[in-house]
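Asker: Just the structure for this:
(chains A and B)
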Amino acid sequence: MIFNSIEFLLFAVGFFLLWPILGKRNISRWTFITLASFFFYGWWDWRFLFLILASGLIDYFCALAIENRPQNRKLFFVLSLVGNLGALSIFKYSKFFATVLEDGFAQFNYQVDLVEKIPEFALILPVGISFYTFQSLSYTIDVYRGRLTPTRNILHFFSYLSMFPQLVAGPIIRAKDFLFQLNKYRITNAIEKWNAIKMIAFGLFQKMVIADNLSLFIDSAFEGKSGFEGTAYWWVVMVAFSFQIYADFSGYSLIARGLAKYMGYHFRMNFNHPYLSKSLREFWTRWHISLSTWFRDYVYIALGGSRRGVVVGLVALTITMMLSGLWHGAKYTFLMWAGIHVVLLIFERLTKWTKLFRKSPLLIPIIFAQALVAWVYFRADDVTQGNQIVSYLFSYTSSNLDFYHVYFDSVFFLGLAVVIELLVYLRKNYKAVKLWYWRSNLDIVLVSMAIIAILFLRGEGKQFIYFQF
Amino acid sequence: MSGLTIIMIVLVKLLLPAPIKNTELRNEFWLRKTFASNNHDLIVGGDSRIYRGVSISAINESLTSKLVGVNLGYSSAGYDLDYLNFLVSKLKPTGNRILVLGVSPHSFTLEGAKNELYHEHLSKGNFDLFKGLYLSPYLKHFAPYKATELKDFLLNGKSDEGYFEDFQKDGWVHSHRLPEDSLTAIGIYQKLFTDYQVSDTLITNFLNRVDDIEKSGIEIVAFRPPTFDMMTSVEDSLSGYSELYMRTEMEIRGCTWIDLNPAEFHTYDGSHLHYKSAEHLSQIIGKQIQLLLDQNQ
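Answerer: Coordinates of the predicted model:
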């Protein structure tokens, strides 16, 4: 069940009608959230529920064991890690690792067929497995580190783990931020409800109007069906993809936050206009914030972070970014994407070049272009296609813009997305614009316009891109 | 906020013409066909040339008393036994029972016999059915516009390009396309018939089933859907289909074959009939059915 579907609309109406009745008492609230979330998740394929149940049960019991049996805490912690990462490896990485091993053996003239021997069930990727696995992992890690007391109520735990707004595509919520919120039933006031509606409307606008309308243009380019080539064409395609993936994922996160807010809960911001960043480091504090901070807290800092010298810092950065690439998928293209970020981040950290031009707005398009080049590999089917597109971008062949007429239906929405980001930039950086926006109560008009656009300008409904991760 | 939104919705509905493409209408249209009741006097079967080319309302204009009918044509439909049985199952058990079959070469290729669209709709889950049959009538009012449509509307007052389709309750799609291009479909069919020729097995099975259907008291009226001259030549030269053989074999089994003059019909893409030609074809079919009904009385 996806947020931009009639199924979800009916589900949400039913849920929020029952919420004031069933949400008041702890047990009924946790039961209701858990059952509704399982229904939401099982709508894709009820068999996926076994995996989330298994993953959740392992972490629930391991966390209790870590607390109750301090002498064996390491054992239970390792058990949790093996359980979660094992499931992730089987369902997400088995084919990739088998291919890598096959290639490795082939180097020594040994032919082995490992991919064919993988059981069929392991080739199915359960929706959102990386999101809930990381969420579940953070729970046991925090308990192990003594930063969180585990909950004794299994429904309390599962209502945290499976809560439907963030279950399949984040934001990745930490137990220490959310378990205590679930202990209360909050009656949301009018302002909170308005903010929730605003988030949901803007999120749906980003997904259904911007991202979905861009997809035809981008898909036809990457599938080689458009018949267009040339430098200008590929720059526009890649700008379009940069905005598509941003609108798609940021849209999902906004809807998730809005739904949680309507229930009286708070999810932290997951995107903060990353394309307005003035350094790549800043970009990573604005893009998929819940994942970036997860990797920062549980991997980067654990590896030594930046406090143990330059070399250790750079190694930690490299490992963290490469793991982040692998988190997105078991493909060399994601490693390339992460690798480009590593190189650029290391260059930025060592030279501090962005600090020299800190006040110049020109840094924004430069940083955007860096992210854009990395996105090439994120979207490409394989590294060869990625290399080909990068060569189109940087070796001038043509500035033919004829595609504009054929793909006007997409290019129009690309223009709209760029204009919106530009207006956000002006609002953030010019006091007069900010004051005018604040005084004119423009939000009401903007939400109405977003709803009208969702109704009458939406593209063809597509699954959210980040569901595959 | 809600007041402002409602005003905006009303303005959109009042000021803008209906969008050219309406997915909800299309969805409802296919599901209503696929899950049509089994109390019809008249069923029309065939591929896209049929569901765009035969209107039950226009057939009824040629009849002295109206028949309850539905056009059950599907894109790229092929005459395998499953599809034929589906058509027959939608006829009522007694009384006037007429089956109109559009017999195009493509309907006897293995590609056609896949009946992908028909099976896709037949296998819809319960929620999709509920959505298509009960929610689509409301959702169709919120069909989205393309940016090009809005641009054309703002610049010219109307959209003058596109594939215009009006989905009718009787299973017919009232269609035309601007600008017209009679060569659009030729290349596609050339490639198709290079890959797939008509299958002798399918034709034999079809004729055997036609025999059984006629014996069960159902009247079959058949014809080759008229199309663009060049398309007919492509089909005759590449598909391996013989109209004369098909006609003779069907007539031997008691079917009524309608002879059509292609010059009377006009296609907008080289394959499908313009809605005016579709109405004309339907009236001709109606006259033939009237003759049959008169003979049977």
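Asker: CA atoms for contacts and neighbours, from now on please.
Answerer: Will do.
Asker: for chain B, what helix or strand is lowest in average pLDDT?
Answerer: Ranked by mean pLDDT, DSSP states H and E, the weakest helix or strand in chain B is helix B:2-15, scoring a mean of 83.
Asker: which helices and strands sit right next to the following helix or strand past it?
Answerer: The helix or strand immediately downstream of helix B:2-15 is helix B:23-34, counting by DSSP states H and E. Judged by 3 or more CA pairs under 8 Å, 6 or more residues apart in numbering or on different chains; DSSP states H and E, the packing partners of helix B:23-34 are helix B:116-122, helix B:136-139, strand B:162-167.
Asker: Just give the nearest non-adjacent residue to residue 112, would you?
Answerer: I went with chain A, as the question did not name one. Spatial nearest neighbour of A:Val112, excluding adjacent residues (CA to CA, 6 or more residues apart in numbering or on different chains): A:Glu102 at 5.9 Å.
Asker: Actually, chain B is the one I wanted.
Answerer: Using CA to CA, 6+ apart, the closest residue to B:Gly112 is B:Gly78 (4.1 Å).
Asker: do the same with A:Arg147
Answerer: With CA to CA, 6+ apart, the residue lying closest to A:Arg147 is A:Lys176, at 7.8 Å.
Asker: would you say that neighbour is within a strand?
Answerer: No - A:Lys176 is assigned helix when assessed by DSSP: H, G, I helix; E, B strand; the rest coil, not a strand.
Asker: Please name the residues that touch B:Gly95.
Answerer: Counting by CA atoms under 8 Å, 6 or more residues apart in numbering or on different chains, B:Gly95 touches B:Asp41.
Asker: Show me the shaky parts of the stretch 101-250 of chain A.
Answerer: In the predicted model of the stretch 101-250 of chain A, no residue satisfies pLDDT under 70.
Asker: picking that back up, what's the closest of the helices and strands packed on helix B:23-34 to chain A?
Answerer: Relative to chain A, the nearest member of the helices and strands packed on helix B:23-34 by CA to the nearest CA is helix B:136-139, separated by 9.6 Å.
Asker: near chain A, anything from that closest one?
Answerer: No - applying CA under 8 Å from any CA of the partner chain, one finds helix B:136-139 separated from chain A by no less than 9.6 Å.
Asker: from the middle of its chain, how far away would that helix be?
Answerer: Distance, stretch centre to chain centre, for helix B:136-139: 22 Å (CA atoms, centre = their mean, to the nearest Å).
Asker: Kindly report the same for stretch B:35-55.
Answerer: On CA atoms, centre = their mean, the centre of stretch B:35-55 falls 7 Å from that of its chain.
Asker: Likewise for stretch B:167-178?
Answerer: 8 Å.
Asker: start to end distance for stretch A:16-32?
Answerer: This stretch, stretch A:16-32, spans 11 Å end to end (CA to CA, to the nearest Å).
Asker: What residues of it count as buried?
Answerer: For stretch A:16-32, a neighbour-count test (16 or more other CA atoms under 10 Å in any protein chain shown) marks A:Trp19, A:Leu22, A:Gly23, A:Asn26, A:Arg29, A:Trp30, A:Thr31, A:Phe32 as buried.
Asker: got TSV for those, with distance to chain B, secondary structure and pLDDT too?
Answerer: Output for those, formatted as TSV (distance: CA to the nearest CA, whole Å; DSSP: H, G, I helix; E, B strand; the rest coil; pLDDT from 0 to 100):
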residue	distance to chain B	secondary structure	pLDDT
A:Trp19	23	helix	95
A:Leu22	26	helix	94
A:Gly23	27	coil	91
A:Asn26	32	helix	94
A:Arg29	27	helix	96
A:Trp30	27	helix	96
A:Thr31	25	helix	97
A:Phe32	23	helix	97
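Asker: and A:Gly339, how many neighbours?
Answerer: 18 (other CA atoms under 10 Å in any protein chain shown).
Asker: so is it in a helix, a strand, or just coil?
Answerer: helix.
Asker: Do I have it right that it meets A:Met322?
Answerer: Yes - judged on CA atoms under 8 Å, A:Gly339 makes contact with A:Met322 at a distance of 6.7 Å.
Asker: TSV for the helices and strands packed on helix B:23-34, including mean pLDDT and distance to B:Ile188?
Answerer: Putting those into TSV (pLDDT from 0 to 100; distance: least, CA to CA, whole Å) gives the following:
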stretch	mean pLDDT	distance to B:Ile188
helix B:116-122	93	18
helix B:136-139	88	32
strand B:162-167	87	18
